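Asks: Here is my input; please provide its structure:
(2 chains)
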Number of protein chains: 2
Amino acid sequence: MSVDAAGFEAWMRAHQALAEQTLEQVLPAAEHAPARLHAAMRYAASGGGKRVRPLLAFAAAEVVQAPVSRVALAGAAVELIHAYSLVHDDMPCMDDDTLRRGKPTVHVQYDEATALLVGDALQSLAFQVLSEPSLADDPACQLEMVRLLAQASGSRGMAGGQAIDLASVGQSLDVAELEFMHVHKTGALIRCATLLGALCGRPLDESERAHLDRFAKAIGLAFQVVDDLLDAEASTATLGKTAGKDAEANKPTYVTVLGLRAAKEWARDLRAQADAALVPLGPRAARLGQLADFIVKRQF
Amino acid sequence: MSVDAAGFEAWMRAHQALAEQTLEQVLPAAEHAPARLHAAMRYAASGGGKRVRPLLAFAAAEVVQAPVSRVALAGAAVELIHAYSLVHDDMPCMDDDTLRRGKPTVHVQYDEATALLVGDALQSLAFQVLSEPSLADDPACQLEMVRLLAQASGSRGMAGGQAIDLASVGQSLDVAELEFMHVHKTGALIRCATLLGALCGRPLDESERAHLDRFAKAIGLAFQVVDDLLDAEASTATLGKTAGKDAEANKPTYVTVLGLRAAKEWARDLRAQADAALVPLGPRAARLGQLADFIVKRQF
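Replies: Below you'll find the model as predicted:
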C-alpha cells in the first residue's frame, strides 16, 4: 500500500466513524416513545454501509475547507434519505429483499407497516437535520441546500428513478435509457451529497459548481456500473445482500446491456471523466479523486 | 344563514380554490417523466378533501396579515404531507383501505409500489415547496418553518402517531392514551399548518405563538373527535371513505372510549378551549374562530 493509499484509508475510516457517530446523535433515542419505531429507525440507519454519500460530502468540503462538524450534519441528512430509500426498496411490493448489509431487512425484522413508517420518518428526519440552525452561517444558502436535497429525493430525483426502474422490469433498455434511470435513482443523491458538502463552506461560483457536479455525475454512474458488476460477480456472502437479484428479477443492468467486459471499461472511462472534472478545482480536490478511486475499484 | 356565516362560506370556498390551484401548480405535470408516477401524485393530491390544513394556514395568516401568495405555498406544503400520509395509511400493510374521497385509493388505482413512491415523492415535494426562495423575506424564519414541518411529520409527530395507532389495535386505551396518539397523528400537522400560516407574515412573539398553538392543539383534537363521531355515525356514501372501519379494525376511538354522547360533549368543550385561546389575539383571529366552528360542526 502506498503512502497516499494508507493516508486515504485512515481518512476514510475516521470520516466513516464520524458519519456513524453523527447518525447516532441525530436518530431519536430507542427508549423514547414511540419506542418500537425509534428502535426500527436506528436498526435501519445506523451501523452499516460504506457511507459513500457522507464521504463524498466530507471530501467535497475539503475543496472549500468547510467546517467538518457542519458537513457531518449535511452528510447525515443525505444518508438518512439513502437509508429510507433502502428500507422502502426492500419491501415486498418493491424488490422484496430479505437481506441488507448482512442483516434481515426492516420489514422482516419488524413488520411491513413499521418499515413503511421507518422510511417515512427517516425522510422527515433528514430535512429536520438539514434545517438545524447550527448548520450554516448563511440561512439563504442553507435553504438552498434543503431545496437541493428535496429535489434530489423526489419524483425528478431518487423516487423518480425508482419508478423508472420498476417500469423497466422485463423491458429491453439501451444504454441511454439505463443511464437516464440511474442518473435519477442513485445519481441525484450522490450529486446532492457532493454539492451539500461544499455548500457547508460557502456559496459556490458557477464554474466550481459545474466542475463538482460533473465529477459527481460521472462518479454516480460509475458507482452504479460497479454495483451491477458486483451483483453479477459476487456471492451473497461478500455482498451482504442477496446476490444475483437483478438478473433473477429480469432487471436490465450495465452487465446485461453492455456485457461484463464493456461494463468494466465503462466504469474506468467514467472514472477518467470524474478525474478530468477535478483538475480545474486544484490540489484541494485530491481527496475527491482518492474517493473516486475507492468507489470504482472496490472489489474488482 | 347569517351574514357572518355567508361571509365565511365565501371565504372558505375562495381559499379552498386557491389551495387547489396552488397544489396544481406545484405538482409535477403528468406528462413529464416519470409520467406514471407524476399522474399518480396528482391523483393522490389534487381535487379532493376539505383542505382543512391550508385553510388553517390562511386563517392564521390573517392574524398577522401575511401575504396570501406565500401562505398558499406553505399551506400546499402541509397538504402534500397530509396527502402522502393518506396514501401510505391506505396501503394494505397499514389500514388496507380501498376508497378515499369517493375514489379508489392510490394502490388500488395504480399499484402498491407506485403508492409507496407517490407518498415518498409527495413528502420530498412538500419540503421543496417550503424551501422556495419566494416564500419568505427572512430566510432564517423560513428555515424554522422547514424544521417545524419536518418535526410535525416525523417520528415525534405524524409518523410517530401512526406507529402508536398501529400498536393500539386491539388494545384498551384510556382517554389520556388516546389523546397522546392523536396529538401526534393528526394534531402535530394541524398545529404546524396554523403556525406556518402566521410565520409567513413575520416571526411571532412568544405569547402570540403560545395562543395560536393552544388554539391549534384544541382544534386538532376536536377534529379527531369529530372524525371518530362521523366514522361511527355516517354511511360510506356521505363519508366518501369506507365507514365503520375503525370499529371493524378494533381500533380505539373517542366513541368507543367515551361513548357517543360524551364524545360530542368533548368536541364542544375543545371548541370552547380553542375559542378562549383566540381572545388575546384580538379581532384578526375571527377567521380562525369561524374555521373552528366549521371543523367541529361539520355533519353532526
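Asks: remind me which residues of chain A are low pLDDT?
Replies: For chain A, the stretches with pLDDT under 70 are A:1-3, A:235-249, A:298-300.
Asks: center of it, which residue is that?
Replies: The centre of chain A sits closest to A:R53, judged by CA atoms, centre = their mean, with a distance of 4.3 Å.
Asks: how about stretch A:58-73: buried residues?
Replies: A:F58, A:A59, A:A60, A:A61, A:E62, A:V63, A:V64, A:A66, A:R70, A:V71, A:A72, A:L73 (16 or more other CB atoms under 10 Å in any protein chain shown). No exception for glycine: its C-beta is placed from N, CA and C like everyone else's.
Asks: In CSV, list those residues along with secondary structure.
Replies: Below are those laid out as CSV (DSSP: H, G, I helix; E, B strand; the rest coil):
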residue, secondary structure
A:F58, helix
A:A59, helix
A:A60, helix
A:A61, helix
A:E62, helix
A:V63, helix
A:V64, helix
A:A66, coil
A:R70, helix
A:V71, helix
A:A72, helix
A:L73, helix
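Asks: Turn the residues you listed into JSON lines, including distance to B:D120.
Replies: Shown next, in JSON lines, are the buried residues of stretch A:58-73 (distance: CB to CB, whole Å):
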{"residue": "A:F58", "distance to B:D120": "27"}
{"residue": "A:A59", "distance to B:D120": "28"}
{"residue": "A:A60", "distance to B:D120": "26"}
{"residue": "A:A61", "distance to B:D120": "28"}
{"residue": "A:E62", "distance to B:D120": "32"}
{"residue": "A:V63", "distance to B:D120": "31"}
{"residue": "A:V64", "distance to B:D120": "31"}
{"residue": "A:A66", "distance to B:D120": "29"}
{"residue": "A:R70", "distance to B:D120": "27"}
{"residue": "A:V71", "distance to B:D120": "26"}
{"residue": "A:A72", "distance to B:D120": "25"}
{"residue": "A:L73", "distance to B:D120": "22"}
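Asks: Burial check on the closest residue to A:D89 other than its chain neighbours, number of neighbours?
Replies: Nearest residue to A:D89, sequence neighbours excluded (CB to CB, 6 or more residues apart in numbering or on different chains): A:D95, at 5.3 Å. Applying other CB atoms under 10 Å in any protein chain shown, we find 21 other residues in the vicinity of A:D95.
Asks: My guess is A:D95 contacts A:L86. True?
Replies: No: here A:D95 does not reach A:L86: they are 9.7 Å apart, not a contact under CB atoms under 8 Å.
Asks: residue contacts, the residue nearest to A:P28 when sequence neighbours are not counted?
Replies: Distances taken as CB to CB, 6+ apart put A:H38 closest to A:P28, at 4.5 Å, once the chain neighbours are dropped. By CB atoms under 8 Å, 6 or more residues apart in numbering or on different chains, the contact set of A:H38 is A:L27, A:P28, A:A29, A:A30, A:E31, A:H32, B:S155.
Asks: run the last query once more with 10 Å
Replies: A:L27, A:P28, A:A29, A:A30, A:E31, A:H32, A:V118, A:A121, B:S155, B:R156, B:G160, B:A163 (CB atoms under 10 Å, 6 or more residues apart in numbering or on different chains).
Asks: of all the residues you listed, which comes closest to A:Q21?
Replies: Comparing those against A:Q21 with CB to CB places A:L27 closest, at 11.1 Å.
Asks: wouldn't the closest one be in contact with A:L37 here?
Replies: No: contact between A:L27 and A:L37 fails when scored by CB atoms under 10 Å: they sit 11.1 Å apart.
Asks: more crowded one of the two?
Replies: A:L37 (28 against 22).
Asks: How is that one assigned, secondary-structure-wise?
Replies: Relying on three-state DSSP, one would call A:L37 helix.
Asks: same question, A:D96
Replies: coil.
Asks: residues near it, how many?
Replies: Around A:D96 there are 14 residues (other CB under 10 Å).
Asks: Pull up the gap between it and A:T256, please.
Replies: A:D96 sits 20 Å away from A:T256, going by CB to CB, to the nearest Å.
Asks: try A:L173
Replies: The spacing between A:L173 and A:T256, counted by CB to CB, is 9 Å.
Asks: same deal with A:V129?
Replies: 38 Å.
Asks: neighbour-wise, which of the two wins?
Replies: A:V129 (26 against 18).
Asks: what's the spacing between the residue lying closest to A:E31 once chain neighbours are set aside and B:A163?
Replies: Excluding the flanking residues, the one nearest A:E31 by CB to CB, 6+ apart is A:H38, at 7.8 Å. Separation of A:H38 from B:A163 (CB to CB): 9 Å.
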